[in-house]
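Undergrad: Sequence first, then the predicted structure:
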Amino acid sequence: MRKIFIGRNGLRAGWRFAIFIAATWVLVQGAGWVITHPLGYKYDETSWVPTDFIVDGALTFGAAMFVAWIMGRFERRSLADYGLPTSGFGVLFLEGMLWGLATSAVVIAILLAVGAASLHGFALSGAAFARWAAVWFVAFLFVGFSEEFIYRGYSLVTLASGMGFWPAAALLSALFGVSHMFKPQESFLDIFNIIVFGLFWCLTFKRTGSLWFAIGFHAMSDYADMVIFAEPNTGNNGQPLAGHLLNVDLHGPAWLTGGICGTEASVVALGVLIATWFVFLRRFPDQMRANAKRRLPPAYGSDTGFVGRQLGE
């Protein structure tokens with residue numbers, strides 16, 4: 001029985017992952033009960049609103065951070081070891097946001113070029129434009145922080161230490177895709193693309209040594225898709241979000257535009273993501289291989305530090 005639970009590094013990675021997920025879920029459920037009963041917060045049951053995103057994101061990210069901090073006390077690791085170092089936050093985070101905005105814009109540009117989308121100007125103006133743009137930006141920041149830390153932070157580092165980086169990345173990306181199947185009228189291509197996005201964000205963690213690029217990319221790509229370009233989403237009854245910034249109509253077959261799932265479920269998005277993957281590999285090369293070619297000592301490589309060792313650089 002001991003071998004089932006204990007390995008050479010203590011409690012096995014799978015059990016630590018299970019404890020992290022279970023404890024986070026319990027804390028989120030408990031905090032959710034507190035804000036909806038004693039505090040009287042009401043979730044909107046008819047459509048997506050930014051306050052719900054902010055509340056859910058804050059509860060989930062806060063709970064995951066707290067549980068990871070507790071687990072780290074036993075594992076002798078810090079939150080930086082799980083992908084959130086203070087160094088590199090500004091540069092990598094902002095670059096990730098630029099990449100996320102660019103990929104979404106390229107998808108829309110392609111659809112406009114082939115006649116599968118049309119742009120009809122701004123949906124809002126003045127103070128309303130600024131207010132909705134700001135509140136939705138905060139909402140999707142919390143989405144990026146919470147989802148990336150749960151699926152690509154503690155979980156990825158922990159499982160990679162037990163089963164290797166890419167098996168762990170594949171498992172967590174599959175779970176990431178499955179978690180989106182609970183939205184109504186989801187398509188196969190949407191879930192498949194979400195899994196590919198998950199694998200890409202795992203790659204960004206492996207190459208940059210932190211989650212900052214992935215968090216920025218994730219938050220901004222969702223924001224651009226649903227707020228800037230007013231794309232529909234099945235989680236919002238197949239409609240664009242209230243407070244979107246531009247009036248963009250998608251028309252054409254669902255495989256091309258994504259239909260009510262938004263362009264995330266289109267073959268165009270898949271093609272752009274694959275191209276982005278290759279561009280990213282050129283932008284962030286494997287430092288160990290690059291150093292070997294230049295005959296530099298290992299100290300210059302990305303394998304220095306805990307994160308590099310755990311992710312197999």
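TA: That came in fine, so what should we check first? Numbers count the residues shown, from 1 in each chain.

Undergrad: in which helix or strand would I find the residue lying closest to Val67 once chain neighbours are set aside?
TA: Spatial nearest neighbour of Val67, chain neighbours left out: Ala23 (4.5 Å); criterion: CB to CB, 6 or more residues apart in numbering. For the C-beta atoms, the positions are set from N, CA and C on the backbone; glycine is no exception. Per DSSP states H and E, Ala23 falls inside helix 13-36.

Undergrad: So which bits of that helix are buried?
TA: 13, 15-17, 19-21, 23-24, 27-28, 31-32 (16 or more other CB atoms under 10 Å).

Undergrad: With respect to pLDDT, which of those ranks lowest?
TA: Among the buried residues of helix 13-36, Ala13 carries the weakest pLDDT, at 89.

Undergrad: So which other helices or strands are in contact with the helix or strand where Val178 lies?
TA: Following DSSP H and E, one finds Val178 within helix 165-179. The contact analysis (3 or more CB pairs under 8 Å, 6 or more residues apart in numbering; DSSP states H and E) places helix 165-179 against helix 126-152, helix 154-163, helix 188-208.

Undergrad: what's next to the shortest one, contact-wise?
TA: Going back to what we said before, that points to helix 154-163. Helix 154-163 has contacts (CB atoms under 8 Å, 6 or more residues apart in numbering) with 7, 9, 12-14, 16-17, 20-21, 64, 67-68, 71, 81-83, 165, 167-169, 171-172, 202, 205, 307, 310-312.

Undergrad: Just the buried ones from those?
TA: For these, a burial check counting by 16+ other CB under 10 Å picks out 12-13, 16-17, 20-21, 64, 67-68, 71, 81-83, 165, 168-169, 172, 202, 205, 307, 310-311.

Undergrad: For the host helix or strand of Leu101, buried residues please.
TA: Per DSSP H and E: Leu101 is located in helix 89-113. Buried residues in helix 89-113, counted by 16+ other CB under 10 Å: 92-93, 95-97, 99-104, 106-108, 110-111.

Undergrad: and of the residues you listed, the nearest to Val227?
TA: Distance to Val227 across those (CB to CB) is lowest for Ser104, with 10.3 Å.

Undergrad: quick one: contacts for the closest residue to that closest one other than its chain neighbours?
TA: Excluding the flanking residues, the one nearest Ser104 by CB to CB, 6+ apart is Ala224, at 3.7 Å. Counting by CB under 8 Å, 6+ apart, Ala224 touches Gly100, Leu101, Ser104, Ala105.

Undergrad: tell me the secondary structure for Ala224?
TA: Per DSSP: H, G, I helix; E, B strand; the rest coil, the secondary structure class of Ala224 is helix.

Undergrad: What count of nearby residues applies to Gly57?
TA: 21 (other CB atoms under 10 Å).

Undergrad: cool, and Glu45?
TA: Using other CB under 10 Å, Glu45 is surrounded by 6 other residues.

Undergrad: Pretty sure it sits in a helix.
TA: No. Per three-state DSSP, Glu45 lies outside any helix segment and is coil.

Undergrad: Now do it against Asp52, distance only.
TA: 10 Å (CB to CB, to the nearest Å).

Undergrad: Next: Ala116.
TA: 31 Å.

Undergrad: Counting neighbours, go ahead and name the busier of those two.
TA: Ala116 (20 against 16).

Undergrad: Now the more buried one: closest residue in space that isn't a chain neighbour?
TA: Closest to Ala116 by CB to CB, 6+ apart is Gly252, at 3.8 Å.

Undergrad: In contact with that neighbour, which residues?
TA: Applying CB under 8 Å, 6+ apart, the residues near Gly252 are Leu111, Val114, Gly115, Ala116, Ala117.

Undergrad: and the closest residue to Phe140 other than its chain neighbours, what is it in contact with?
TA: Of all residues not flanking Phe140 in the chain, Tyr223 sits nearest, at 4.3 Å (CB to CB, 6+ apart). Counting by CB under 8 Å, 6+ apart, Tyr223 touches Gly100, Trp136, Phe137, Phe140.
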